[in-house]
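S.K.: Just need the structure, nothing else, for what follows:
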Amino acid sequence: MKHALSQQQLGRGPLRPTPPDGPTPPGPDDGSSRPPRFVGWLGGLGCAAAGYAVFQFLFEVLPASLGGEAAKYLIASVSGLGTALSAGLAAALLRARAAAPAPRPLPRPAAEAGPPAGGQVPGPLPQLFAATYDTLVGEVSVVDDPERGRLVGWSHSLGESSPSRPTSVGTAYGLQTILDLGTADGRLSTGELADTLWRLRLPGGGWSARSQGARARPEVTALVLGALARAGASRGGRLAREVDLCTAAFTHDADRAGRESTHVMTTVLRGLLRAAPDCDALPVLREALVEGAVSDPHRDRLRCWGYRLDSPYERPSAVHTAQAVLALDRAARVLDESQEVRAVREDGVRWLLSCPDAPHHVCQDLENGREEVRRPRPDDPARHEVLNVRHFTASWVVRALLCRGSLEVARRDGREETWRELLDGAAACVRAGQQDGIWTWGRGESTELRRPMWMTYQGVSALRAHAVWTYRPDEAAPAR
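M.R.: So this is what the prediction gives:
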């Protein structure tokens, strides 16, 4: 069977489906509407007019030898009366049909459902995850580096035309994808992937993206540290040393551009919360994120986030607000949360719930975005190192709305139905972006980086979180 997420089997109703694009209703000049219009027009003349027309016609054509004048009147009158009644009933039937709502079509079995416009129907979640895993197995890169040893992992994007070589970013996202998939076979070893990340560490410590050169950057270092911690790395020893190097380099003086970026700040926060939840820098970084919130006059002056955490502030965006809400919700589980921090976090949730657009699976809040993080180059401060960042917005919104604190806010405000609609719409948008378990960045660009590892990880993570939420083990299974 191939159907979306198999929600009935998970114990909940299906996501609200998008009405399929059916045939366009006949236009005003379409010939298919003429017979009903003729009968309606005939009924509009009135029963008496139709009956009189038939009576007059029959009276003129019936022969005089039919039993006299009285017989002609009788036959014509009965025929006219019958015609009048028939026309009246036909007109009444048409009016009733026009006023009645169109009957809802019977649902088709999932296996017979046709694909939605512009894409294929994804299979049930286990099949989708199996397809993701098979693709990652098929495209894993194994390189024997003379200096670093055996490297097993992925480049930044699947299907790159140049010979692929494992990178820190691609392998970190691949490792986290494997952990989310929870596969049982040994075709991909999380231990080997973790070893590769350690071997890709820069000589001075830390990690960087392929476009960032030989200087470690906090957002990439925190990403790798978070992946290593999820894979079971001990918090002491070299992991602790890398945490110290990361936090020492992530100050306003050492990395002003990073500290002013919502994306970089939230990435560092999430990574450190996994790798070093007792890190002294976490309260400081959380405070900087809270202080970077802005008030949106278009949504009841709710506090939210844009691209920057410092002036000049950019316009609010759903992706940065979702990233901030997710980071603050995770921090609330580890750190003491003040009333002020909670109020800002909950404002961010309310801002996401205030999306004015509809339908929610294609609303403007879910549009993918991109940004640049520009830093002075260490070897030439007059020139800039540019990190291009692309955002899979729907996946961020799904994960932010599924935070425990987000649902609490929705229930307290009496907006659980709105929360559910937005969540279902965002999850449907996430599902629509994949084919055979791999997500594609479709912006009309070259095919070089159209299947980034980070996007597949975010898609898998969002769908897994949504599936866990929809599962209701206390509800009776449907009868079979």
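S.K.: Residue 186 looks like it's in a helix, true?
M.R.: No. Counting by DSSP: H, G, I helix; E, B strand; the rest coil, residue 186 is not part of a helix but coil.
S.K.: I'd like to know how far residue 360 sits from residue 285.
M.R.: Distance from residue 360 to residue 285, counting by CB to CB, to the nearest Å: 32 Å. (C-beta placed from N, C-alpha, C; glycine too.)
S.K.: Then residue 166?
M.R.: From residue 166 to residue 285 the distance is 29 Å (CB to CB).
S.K.: neighbour-wise, which of the two wins?
M.R.: Each of residue 166 and residue 285 has its neighbours counted (other CB atoms under 10 Å); residue 166 has more, 25 against 22.
S.K.: Need the pLDDT of the residue nearest to the more buried one when sequence neighbours are not counted.
M.R.: The shortest distance from residue 166 to any non-neighbouring residue, by CB to CB, 6 or more residues apart in numbering, is to residue 153 (3.2 Å). Note for residue 153: predicted pLDDT of 97.
S.K.: what bridges to residue 153?
M.R.: Using DSSP bridges, the bridge partners assigned to residue 153 are residue 141.
S.K.: ok, it - how many residues close by?
M.R.: 30.
S.K.: Surely residue 372 touches residue 387?
M.R.: Yes. Between residue 372 and residue 387 there is a contact under CB atoms under 8 Å: 6.8 Å.
S.K.: Where does pLDDT dip in this structure?
M.R.: 1-123, 163, 443-449, 475-480 (pLDDT under 70).
S.K.: just the helices in the stretch 301-450 of the chain please.
M.R.: Secondary structure of the stretch 301-450 of the chain by DSSP state H, counting those that start in this stretch: the helices cover 318-334, 339-353, 393-401, 404-412, 416-432.
S.K.: Tell me which of those helices sits nearest to residue 254.
M.R.: helix 318-334 (20.7 Å; CB to CB).
S.K.: Which elements pack onto that closest one?
M.R.: helix 262-275, helix 281-291, strand 302-304, helix 339-353, helix 393-401, helix 404-412 (3 or more CB pairs under 8 Å, 6 or more residues apart in numbering; DSSP states H and E).
S.K.: ranking the ones you listed by burial, who's on top?
M.R.: helix 393-401 (a mean of 27; mean count of other CB atoms under 10 Å).
S.K.: helices or strands next to that helix in the packing?
M.R.: Helix 393-401 packs on helix 318-334, helix 339-353, helix 416-432, helix 453-470, going by 3+ CB pairs under 8 Å, 6+ apart.
S.K.: who wins for proximity to residue 270 among those helices?
M.R.: Here helix 318-334 is closest among these (CB to CB), at 5.5 Å.
S.K.: buried set for that closest one?
M.R.: For helix 318-334, a neighbour-count test (16 or more other CB atoms under 10 Å) marks 318-332, 334 as buried.
S.K.: report the angle between the axes of it and helix 404-412?
M.R.: In terms of direction (axes from the mean of the first three to the mean of the last three CA atoms, to 10 degrees), helix 318-334 departs from helix 404-412 by 100 degrees.
S.K.: Kindly provide the distance from the residue lying closest to residue 409 once chain neighbours are set aside to residue 291.
M.R.: Once flanking residues are discounted, residue 409 sits nearest to residue 349: 4.5 Å by CB to CB, 6+ apart. For residue 349, the distance to residue 291 equals 18 Å [CB to CB].
S.K.: Give me the spatial nearest neighbour of residue 268, chain neighbours excluded.
M.R.: With sequence-adjacent residues excluded and distances taken as CB to CB, 6+ apart, residue 268 is closest to residue 222, at 4.4 Å.
S.K.: got it, and residue 362?
M.R.: residue 429 (7.1 Å).
S.K.: ok but residue 151 is inside a strand, no?
M.R.: Yes. Counting by three-state DSSP, one finds residue 151 located in a strand.
S.K.: any idea how far it lies from residue 144?
M.R.: 8 Å.
S.K.: higher neighbour count, those two?
M.R.: residue 151 (21 against 8).
S.K.: if we can go back for a sec, for residue 372 and residue 387, indicate the residue with more neighbours.
M.R.: Taking other CB under 10 Å, residue 372 and residue 387 do not tie; residue 387 has more neighbours (22 against 12).
S.K.: contacting residues around stretch 246-256?
M.R.: 206, 216-218, 221-222, 225, 258-259, 268, 272, 279-281, 285, 375 (CB atoms under 8 Å, 6 or more residues apart in numbering).
S.K.: what comes up buried for that stretch?
M.R.: 246, 247, 249, 250, 255.
S.K.: thinking again about what came up before, residue 210 is nearest to which of the helices and strands packed on helix 393-401?
M.R.: Nearest of the helices and strands packed on helix 393-401 to residue 210, taken as CB to CB: helix 453-470 at 11.9 Å.
S.K.: Tell me the buried residues in the closest one?
M.R.: Neighbour counts over helix 453-470 (16+ other CB under 10 Å) mark 453-467, 469-470 as buried.
S.K.: picking up where we left off before, select, out of the helices and strands packed on helix 393-401, the one closest to residue 195.
M.R.: helix 453-470 (18.0 Å).
S.K.: Make sure residue 434 is actually in contact with residue 441.
M.R.: No. The pair residue 434 / residue 441 is not scored as a contact, 11.4 Å apart, by CB under 8 Å.
S.K.: Could you check which of the two has the larger neighbour count?
M.R.: residue 434 (21 against 18).
S.K.: excluding its backbone neighbours, what's nearest that one?
M.R.: Once flanking residues are discounted, residue 434 sits nearest to residue 459: 5.7 Å by CB to CB, 6+ apart.
S.K.: same check, this time on residue 410
M.R.: Nearest non-adjacent residue to residue 410 (CB to CB, 6+ apart): residue 419, at 3.7 Å.
S.K.: Now do the same contact list for residue 320.
M.R.: 262, 263, 266, 304, 305, 306, 307.
S.K.: so how far is residue 398 from the closest residue to residue 396 other than its chain neighbours?
M.R.: Distances taken as CB to CB, 6+ apart put residue 322 closest to residue 396, at 3.9 Å, once the chain neighbours are dropped. Look at residue 322 and residue 398: by CB to CB, they are 9 Å apart.
S.K.: Surely the residue nearest to residue 410 and residue 406 touch.
M.R.: Yes. Between residue 419 and residue 406 there is a contact at 7.2 Å, judged by CB under 8 Å.
S.K.: quick one on the thing from earlier: my guess is the residue nearest to residue 362 contacts residue 394, does it?
M.R.: Yes. If you go by CB under 8 Å, residue 429 and residue 394 touch, sitting 3.9 Å apart.
S.K.: So for these two, which residues contact both of them?
M.R.: Shared contacts of residue 429 and residue 394, counting by CB under 8 Å, 6+ apart, come down to residue 366.
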